[in-house]
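Asks: The sequence and its predicted three-dimensional model are supplied below.
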Amino acid sequence: MKELSLNILDIVENSVKAGAALTEISVVEEGDTLTLTITDDGCGMTEEVLKSVTDPFYTTRTTRKVGMGIPLLKLEAELTGGELNIVSRHITEHPLDHGTTVTAVFMKNHIDFTPLGDLVSTIITLIQGHPDTDFRFVHKTEKFEVVLDTRQLREVLEGVPLNTYEVIKWIEEYIKDQYIN
Amino acid sequence: MKTLAELQAIKEKMKDKVILREGVNQLRIVVGMATCGIAAGARPVLNAIVEAVNENGLQDKVTVSQTGCIGLCQYEPIVEVFEAGKDKVTYVKMDAEKAKRVVEEHIKNGKVVVDYTISLDKQ
């Protein structure tokens, strides 16, 4: 992927497909490290599936026999000297607290570090495509902290869909404003 | 600085329109957003379509949605147009500019942009 934000878009699609009501996307930059955490309350994975998700020849899709999402993110993290970890609790064994957490650590100063790219565009695209699920997005560095929580917006909107054009435009500006200030 | 009060105002304005709009859209534009699509550039294509649909005042007629892998990864980004009573139209190797043209010529004026479509013999 050209941008890390595109990997994020790709991985979060898995959370949505797992039936998550809430997916939390956190990007924390501290010194040389960038930690990406994607946590969802979806159905989770069994231990057997969890073991095979970093294998490119494992996929849930039916149109093709390869799945590159997680393997790509893992490779991109490891190329910088970082790592990827996945913790998952499957709904059958953890009926009350199921879900998946993907954590990827990157060394920002490594020459192979994929730039973050347009995170705002990724968040907007997720909300546009999945207006009925909630996302909490946090981007924290030593200089700023950007937060967007669709649950808060949903309360204000009272039934007006989050992917209404005017709303999407407002969200885009709302996040961008936080980066500037 | 954008405020929640502004969002509240948008809600008041959209409330009635949304009720009217539900279930009337005859036309559906679908963008492939699996790993293959995203890596090939589907995100700017999707956003260009959303923009163009609204710039052309088509939001009451068209639904823009996302889907997983369509199965033709080498032709991504792929955009499919579904219209009631008509054959599905599949656009391949799209970019933001092409997407804009598809909205203006096909969605708005009803003329399929054959330059970007795929047919069986081309596969």
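Replies: Received the coordinates, thanks. Numbers count the residues shown, from 1 in each chain, chains lettered A, B, ... in the order given.

Asks: can you give me the helices in chain B?
Replies: B:4-21, B:35-40, B:42-55, B:96-102 (DSSP state H).

Asks: ditto for chain A
Replies: Assigned by DSSP H, the helices in chain A fall at A:4-17, A:47-52, A:69-79, A:119-129, A:150-157, A:165-180.

Asks: hmm, back to that, can I get the helices of chain B in a markdown table with distance to chain A, mean neighbour count and mean pLDDT?
Replies: Using the backbone N, CA and C atoms, a C-beta is placed for each residue, glycine as well. Shown next, in a markdown table, are these (distance: least, CB to the nearest CB, whole Å; neighbours: other CB atoms under 10 Å in any protein chain shown; pLDDT from 0 to 100):
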| stretch | distance to chain A | mean neighbour count | mean pLDDT |
| --- | --- | --- | --- |
| helix B:4-21 | 5 | 14 | 81 |
| helix B:35-40 | 5 | 25 | 93 |
| helix B:42-55 | 5 | 22 | 96 |
| helix B:96-102 | 12 | 19 | 97 |
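
Asks: Indicate which one of those is closest to residue A:48.
Replies: Judged by CB to CB, the one of those that comes nearest to residue A:48 is helix B:35-40, at 21.8 Å.

Asks: Do I have it right that residue A:133 meets residue A:21?
Replies: Yes - in this structure residue A:133 lies within contact range of residue A:21 using CB atoms under 8 Å: 6.2 Å.

Asks: And these two? Which one has more around it.
Replies: Between residue A:133 and residue A:21, counted using other CB atoms under 10 Å in any protein chain shown, residue A:133 has the larger neighbour count: 20 against 12.

Asks: Summarise which helices and strands the lowest-mean-pLDDT helix or strand in chain A is packed against.
Replies: Confidence across the helices and strands of chain A bottoms out at helix A:47-52, with a mean of 83, counting by mean pLDDT, DSSP states H and E. Helices and strands touching helix A:47-52, as assessed by 3 or more CB pairs under 8 Å, 6 or more residues apart in numbering or on different chains; DSSP states H and E, are absent.

Asks: Can I get that helix in PDB, CA atoms only?
Replies: The C-alpha coordinates for helix A:47-52 follow below in PDB (Å, rounded to 0.1, in the frame of the first residue of the first chain):
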ATOM      1  CA  GLU A  47      -7.700 -19.900  17.700                       C
ATOM      2  CA  GLU A  48      -7.500 -21.900  14.500                       C
ATOM      3  CA  VAL A  49      -8.500 -18.900  12.300                       C
ATOM      4  CA  LEU A  50      -6.300 -16.600  14.300                       C
ATOM      5  CA  LYS A  51      -3.200 -18.800  13.600                       C
ATOM      6  CA  SER A  52      -3.800 -18.500   9.800                       C
END
